[in-house]
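Chemist: What shape does this take:
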Amino acid sequence: MRDQWYGDNRDLVKWSALVHLARREAVSAILHVAMYRPGPAPAPLATAHGKVDPPAEVFRHFRDLDDIQRLAVVTGLEIEVVKEPFTDRAAYFGRVCERVTARRGGPMLVLLDPDVGLASETPGPEHVASAEVAAVFAALRQGDLLVCYQHARKQKDWRGRARRAFANAPGVPSFEVEVLQSEVARDVLLLAVKKNADSCENREQKE
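Modeler: Coordinates of the predicted model:
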């Protein structure tokens, strides 16, 4: 997630899907794994007196990930944003899994929010890897949901490819993956799956 993309039509689709799923599945908490990469400083304003930096308050008003707490208030959801910079992949997802495992209380929805989406092999900083999807799903408890953001790619069947990459992550019940999308932003879809009793039993058998 980059600062400059926060609050666009894709976020409308993303958060509409999340709030819908939370209400439908009686989930009260959302963990937003932002995979945050700070964007560059905003370009200066050209004025009659030369170039000046835009006021920081304006940038924070329109590009502050923490502003999602306004949505938390009006929906009654508990929303936590993992805003630490996404650098060391292994350490980052290790901490995410620890946070998921340590949570107490009712069911939770975990959103993986890469800039582009899934990559089964050689992921870049804009991707989440299938192995990382599998690790987070394994850390969930029964009743929790895992959701992943996917942006369009220059491929004919990008939706099908994305669904297969998500569904084929080890441990994910492929036949239960749900796709959510909207005409508001046709280049976006959300992939969702719920951790059910069968998933938990499969994990215990493997352990």
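Chemist: Leaving out chain neighbours, which residue sits closest to K51?
Modeler: Closest residue to K51 apart from its sequence neighbours, by C-beta to C-beta, 6 or more residues apart in numbering: P44 at 4.1 Å. In short, each C-beta sits where N, CA and C put it, glycine included.
Chemist: from memory the one you found sits against V52, does it?
Modeler: Yes - assessed by C-beta atoms under 8 Å, P44 is found in contact with V52 at 6.0 Å.
Chemist: Please list all residues in contact with K195.
Modeler: K195 is in contact with 137, 140-146, counting by C-beta atoms under 8 Å, 6 or more residues apart in numbering.
Chemist: For P44 and V52, list the residues in contact with both.
Modeler: Residues touching both P44 and V52 by C-beta under 8 Å, 6+ apart: none at all.
Chemist: just the helices in the protein please.
Modeler: Here the chain has its helices, by DSSP state H, at 9-24, 56-63, 69-75, 89-102, 130-139, 158-167, 197-206.
Chemist: ok, now which ones touch the closest residue to P114 other than its chain neighbours?
Modeler: Distance criterion C-beta to C-beta, 6+ apart; nearest residue to P114, sequence neighbours excluded, is V128 at 4.5 Å. By C-beta under 8 Å, 6+ apart, the contact list for V128 reads 35, 112, 114, 117-119, 148.
Chemist: bridging residues for V128?
Modeler: L118 (DSSP bridges).
Chemist: One more: Q150?
Modeler: Counting by DSSP bridges, Q150 is bridged to L189.
Chemist: thinking it is in contact with D187, fair?
Modeler: No - using C-beta under 8 Å, Q150 is not in contact with D187, being 9.5 Å away.
Chemist: the more surrounded of the two?
Modeler: Neighbour count, other C-beta atoms under 10 Å: between Q150 and D187, Q150 has more, with 25 against 13.
Chemist: Assess the claim that Y149 and V13 are in contact.
Modeler: No - Y149 is not in contact with V13 according to C-beta under 8 Å; the separation is 9.4 Å.
Chemist: Please enumerate the shared neighbours of those two.
Modeler: By C-beta under 8 Å, 6+ apart, the residues touching both Y149 and V13 are 188, 190.
Chemist: out of the two, which sits in the busier spot?
Modeler: A direct count of neighbours by other C-beta under 10 Å for Y149 and V13 places Y149 higher, at 27 against 22.
Chemist: The nearest residue to that one once chain neighbours are set aside: how many residues sit nearby?
Modeler: Spatial nearest neighbour of Y149, excluding adjacent residues (C-beta to C-beta, 6+ apart): D113 at 4.9 Å. Applying other C-beta under 10 Å, we find 22 residues neighbouring D113.
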